[in-house]
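model the structure of this input:
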Amino acid sequence: MSTDSNSPLPKPEGRFKTWAASDKSLVACLMLASGVLLAFFLTPIFRGRLPVHGDLGWFELPIRHYYAKCLQEGVPIDWVPHLFGGFFLTGEGQHGPYHPLHWLMYRWLPFDQAYGIEVVLPMVLVLAGMVVFLRKHIGRGGAWMGGLLAAFSLQFVQHTQQPQLTTILAHIPWLLWAIDVGAYATSLQLKCRSCVGIALLTGSMILLGHPQSLWMSMITAAFYAAYVLTQQRAGWRSWALVIGGMLLGLCVGAVQLFATYSVFASSTRAAGDRYILPHPVIESEAFLDVVAPYRTRMVFLTTYLGAAPLLLTLWWLTAAYHRSAAPATSSSNEAETRSPPASSRSLLHLSIWAFAFVVLSAVLSMGLNGKLYYLQFWLPVAGTLRAPCRYLTLTQFGMAIISAVAFSRLMVTTRDKIKTPWRHLTLPWLAFVGSVVMALIIAKEMNYKQADRHIQAQFYMGPVMIGIAALGLTLAARGIRAGLYILVIWTALDLGFFSVADIRTDVCWRKLPTFDQFVARLALPPDHKGRFADWGTPGVWILPQVDTTSLLLNYRAITGYAGLYPNKRLIYSDLNSLRVADVSWFWQPANMDSLVAGVKTPKNEGWCPVPNPLPRVRLVSKTQTSDTPETDINRIDVDTTALVTHAIDVPPSTPGTATLADDQPQRISVNVDAPDRQLLVLSESFDGAWQTRIDGQPTTTERVNGDFMGCVVPAGKHRVDFEFQSGGIYYGRIVSLLALGGCLIAACATLFGGRKRQAST
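Numbering: from 1, shown residues only. Here you go, the predicted structure:
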């Protein structure tokens, strides 16, 4: 087979050209369906409305607003004093502050536009990426079908409430395309470009943060690279360039990688019981949902993959090796006709990889119940990632690839009027029978009544969706062109019903608030004095009500919501713990005993004042060494005494005065006037990255009262400066810039080197 040095994949030959060619009307239909579904998300964004369902309102919107405000005011972005009494926000790793795209959008665009673009952009990226990745394999028709299914699959759409996750996953098809370039390229120049592309894509994912989606993307790329390079019998150069590209990408993202690791080491994720982390998971019986889309109400735990992907995959299981549906070859050797022709070998390899990937990701989504997850469970860092159910997003990605290949084969079948054997339709129609049985069982068990009149909740929707898709598949498999249009139209409706406008989630893109409307409905404390605490509802896992959203109006909280919760030594339901944390208010739910012992609260829900909260900065002349501050804090007079980690020599004296001179997110200055050597106490969370100077001279930063910091000051008037200087950020920036510079030099070398070589020839 001849190859094109400018193309990563072999040239199609013979009738493979017919197979790879796209039907213009079908492509137009697929593009229209993609445009309509995408318009559903874009329309409210263009009207200045903000998606705020789930994590978008609880976490993403406030963090992005704080980030944009810091960029526009020239304020450091790494430390946020408004959460957890002070928090290393960059290290938490879920908003990608050092990603160039985020910096450009939130620095130069109006906030609502930048935020809306970030939420919707992953759908565009994964759609375009799938088209680019699959087009060389199967042509535009199948590629657009794969893009449609991947971009608007149920799991991907419902995870739009976590845009950092979906944006990282949207890199996957582009990363697979870059690996293809390196695997199939015949010139070293093209392989080097592939290496640079892999490095930049990997670095981009790391800079976006979100460790779990990064892990999922990397194992997807590694699994694909290993399979393709093995099938191609690639030499050591190809292996070295792919692996080198990934390693170089790790260096590009070093600024985020170093910061996240430092926070992980001091988080509850690292210190907690690992056996409770692999949750939630997909239960084995939940896979019945593939034929019953209405069955599971917990959207992240549903396994409904769509009618068309399911049936196309089942059909392809038997049709993949069928000779009559494969592109013809010029060879008349009988042995060759029994096996897949050489021109379709890459498609067969792609299908085998996708099948294996679907099974692998589906089993991993079951967590420890699937046993395979134990391989990840015992790995450092990766073993503490939560929510194995998110692997189902990868399952749907793999199903989209298989469906795209099968749809491409059906296009050839109808074009050439080929009738595939009826036995190839056995599995798809068995799926329809299974959907009917499931519908009858559920209707009987639930004593079904049509109280919920929404069409998505009706028990008969499974048989309807799968039945009509099976009809379209049957017509196409028997050479009737109308079947393809039925599959396309029904796929768009299926995605619209059970993904884009799914009633099982809080997604309601038709009634989105403006920024001012969202802020107006927040139940915030009566004033900005001190901090507040909001634990949500005790006893059940319900997200905090306002502690993170308080960032929007510059309130400060001792609680918070994040992926990596910082370790706290104090128990903030104790009155003394709240007082030393400068907490002035806490939220009390209705009809419950007081959440804080010793504080009387009204029966109705509302904000309750904390009696006598201590000031943010103060001087004390009494200290007590403690290894258990969570209990010792209730045994001391917190007005006059502070807990420390080691003996500190401060003589008894009258406490001096301490006044805040400057209170910025990463720089706090205090003017003190002490009659003798005393301990300055600051109610800002302790972190090893805080550096302290007295009158410009470095001094030791002490951990005080378990969670906070301070320093010993000499007698007299002095200026004390606390500055957050993370070594991970400092050295990470250097490594990232050097790696990025290496990528740019390599890219320029391959580009101009290729032009010079062409000119000389």
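
and the next element down the chain from whichever helix in the chain runs longest?
For the chain, the longest helix by residue count, based on DSSP state H, is helix 111-151. Moving toward the C-terminus from helix 111-151, the next helix or strand (DSSP states H and E) is helix 154-158.

what's in contact with that next one?
If you take CB atoms under 8 Å, 6 or more residues apart in numbering as the criterion, helix 154-158 is touched by 122-123, 126, 150, 166, 169, 299-300, 302, 304-306, 390, 392-393, 395-397, 498-500, 502, 505, 507. (Glycine included, C-beta is placed from N, CA and C.)

sorry, back to before: rounded mean pLDDT for the longest helix of the chain, please.
Mean per-residue pLDDT for helix 111-151: 94.

mind showing which ranges of the stretch 1-150 of the chain have poor pLDDT?
1-22 (pLDDT under 70).

so where do the strands sit in it?
The residue ranges that make up the strands of the stretch 1-150 of the chain, judged by DSSP state E, counting those that start in this stretch, are 79-80, 87-88.

please apply the same query to the stretch 601-750 of the chain.
Under DSSP E, counting those that start in this stretch, the stretch 601-750 of the chain gives strands at 606-609, 617-620, 622-625, 641-644, 657-664, 667-674, 678-685, 690-694, 697-699, 702-704, 708-713, 716-724.

pull the CA atoms of the first one into PDB?
Right, strand 606-609. These are the backbone C-alpha positions of strand 606-609, laid out as PDB (Å, rounded to 0.1, in the frame of the first residue of the first chain):
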ATOM      1  CA  GLY A 606     -31.200  31.800  60.100                       C
ATOM      2  CA  TRP A 607     -27.900  33.400  60.900                       C
ATOM      3  CA  CYS A 608     -26.900  33.200  64.600                       C
ATOM      4  CA  PRO A 609     -24.200  35.400  66.200                       C
END
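
that strand: which residues count as buried?
For strand 606-609, the neighbour count (16 or more other CB atoms under 10 Å) marks 607-609 as buried.

hmm, back to that, can you tell me which of the contacts of helix 154-158 are in helices?
If you go by DSSP H, those have 122-123, 126, 150, 166, 169, 392-393, 395-397 in helices.

top of these by number of neighbours, please.
residue 150 (31 neighbours; other CB atoms under 10 Å).

which residues are in contact with the residue nearest to that one when sequence neighbours are not counted?
Excluding its sequence neighbours, the residue lying closest to residue 150 (CB to CB, 6 or more residues apart in numbering) is residue 400, at 4.1 Å. For residue 400, the contacting residues are 130, 146-147, 149-150, 153, 309, by CB under 8 Å, 6+ apart.

and those as JSON lines, adding distance to residue 511?
Output for the contacts of residue 400, formatted as JSON lines (distance: CB to CB, whole Å):
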{"residue": "130", "distance to residue 511": "30"}
{"residue": "146", "distance to residue 511": "32"}
{"residue": "147", "distance to residue 511": "29"}
{"residue": "149", "distance to residue 511": "27"}
{"residue": "150", "distance to residue 511": "27"}
{"residue": "153", "distance to residue 511": "24"}
{"residue": "309", "distance to residue 511": "30"}
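
can you tell me the closest non-neighbouring residue to residue 643?
Nearest to residue 643 is residue 626, by CB to CB, 6+ apart, at 4.3 Å.

does that neighbour really touch residue 632, like I thought?
Yes: in this structure residue 626 lies within contact range of residue 632 using CB atoms under 8 Å: 4.2 Å.

got any residues that touch both of these two?
Contact with both residue 626 and residue 632 is made by residues residue 643, according to CB under 8 Å, 6+ apart.

name the SS class of residue 234, please.
For residue 234, the assignment made with DSSP: H, G, I helix; E, B strand; the rest coil gives coil.

residue 728 and residue 227: what is the separation?
Distance, residue 728 to residue 227, using CB to CB, to the nearest Å: 35 Å.

whoops, I mixed them up, residue 260
Applying CB to CB to residue 260 and residue 227 gives a distance of 29 Å.

and those two? Which one has more around it.
Taking other CB under 10 Å, residue 260 and residue 227 do not tie; residue 260 has more neighbours (28 against 19).

before we move on, back to that, let's have the ones in helices among the contacts of helix 154-158 in CSV, adding distance to residue 526.
What follows is the ones in helices among the contacts of helix 154-158, written out as CSV (distance: CB to CB, whole Å):
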residue, distance to residue 526
122, 39
123, 41
126, 45
150, 48
166, 38
169, 42
392, 44
393, 42
395, 48
396, 47
397, 48
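
of those, which is the nearest to residue 479?
Using CB to CB, residue 150 comes nearest to residue 479 of the ones in helices among the contacts of helix 154-158, at 27.9 Å.

now for the closest one: which residues touch it?
By CB under 8 Å, 6+ apart, residue 150 lies in contact with 126-127, 130, 156, 173, 396-397, 400.

count the residues that sit near the closest residue in space to residue 582 that isn't next to it in sequence.
Spatially, and ignoring its direct neighbours in sequence, residue 582 is nearest to residue 683 (4.2 Å; CB to CB, 6+ apart). Neighbour count of residue 683, defined by other CB under 10 Å: 27.

what residues does residue 683 make contact with?
By CB under 8 Å, 6+ apart, the contact set of residue 683 is 85, 531, 580-582, 614, 616-617, 708.

do residue 159 as well
So, once contact is read as CB under 8 Å, 6+ apart, residue 159 ends up touching 165-166, 169, 390, 393.

same question for residue 599.
By CB under 8 Å, 6+ apart, residue 599 lies in contact with 575, 608, 610-611.

recalculate using a threshold of 10 Å.
573, 575, 578, 586, 588, 608-611 (CB atoms under 10 Å, 6 or more residues apart in numbering).

can you tell me the SS state at it?
Put simply, residue 599 is coil when judged by three-state DSSP.

quick one: mean pLDDT over stretch 185-203.
Stretch 185-203 shows a mean pLDDT of 90.

touching, residue 45 and residue 51? I think so.
Yes: with contact defined as CB atoms under 10 Å, residue 45 counts as touching residue 51 (8.0 Å).

shouldn't residue 663 be in contact with residue 670?
Yes: between residue 663 and residue 670 there is a contact under CB under 10 Å: 9.1 Å.

joint contacts of those two?
Common contact partners of residue 663 and residue 670 (CB under 10 Å, 6+ apart): 616-617, 722.

would you state the strands of the stretch 401-550 of the chain in chain order?
Counting by DSSP E, counting those that start in this stretch, the strands of the stretch 401-550 of the chain are 531-533.

tell me the centre residue of the chain?
With distances taken as CA atoms, centre = their mean, residue 165 lies nearest the centre of the chain, 1.4 Å away.

picking up where we left off before, quick check: neighbours shared by residue 45 and residue 51?
Listed as contacting both residue 45 and residue 51 by CB under 10 Å, 6+ apart are 115-116, 119-120, 509, 512.

now these in JSON lines, with distance to residue 287 and neighbour count?
Shown next, in JSON lines, are the shared contacts of residue 45 and residue 51 (distance: CB to CB, whole Å; neighbours: other CB atoms under 10 Å):
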{"residue": "115", "distance to residue 287": "36", "neighbour count": "25"}
{"residue": "116", "distance to residue 287": "35", "neighbour count": "23"}
{"residue": "119", "distance to residue 287": "30", "neighbour count": "22"}
{"residue": "120", "distance to residue 287": "30", "neighbour count": "20"}
{"residue": "509", "distance to residue 287": "29", "neighbour count": "17"}
{"residue": "512", "distance to residue 287": "34", "neighbour count": "21"}
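
ranking helices and strands of the chain by mean pLDDT, which lands last?
Lowest mean confidence among the helices and strands of the chain (mean pLDDT, DSSP states H and E): helix 334-338, at a mean of 33.

name the nearest of the shared contacts of residue 663 and residue 670 relative to residue 25.
Using CB to CB, residue 722 comes nearest to residue 25 of the shared contacts of residue 663 and residue 670, at 66.8 Å.

possible to save the buried residues of strand 606-609 as a markdown table with distance to residue 482 and pLDDT?
Converted to a markdown table, these look like this (distance: CB to CB, whole Å; pLDDT from 0 to 100):
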| residue | distance to residue 482 | pLDDT |
| --- | --- | --- |
| 607 | 63 | 90 |
| 608 | 67 | 91 |
| 609 | 71 | 92 |
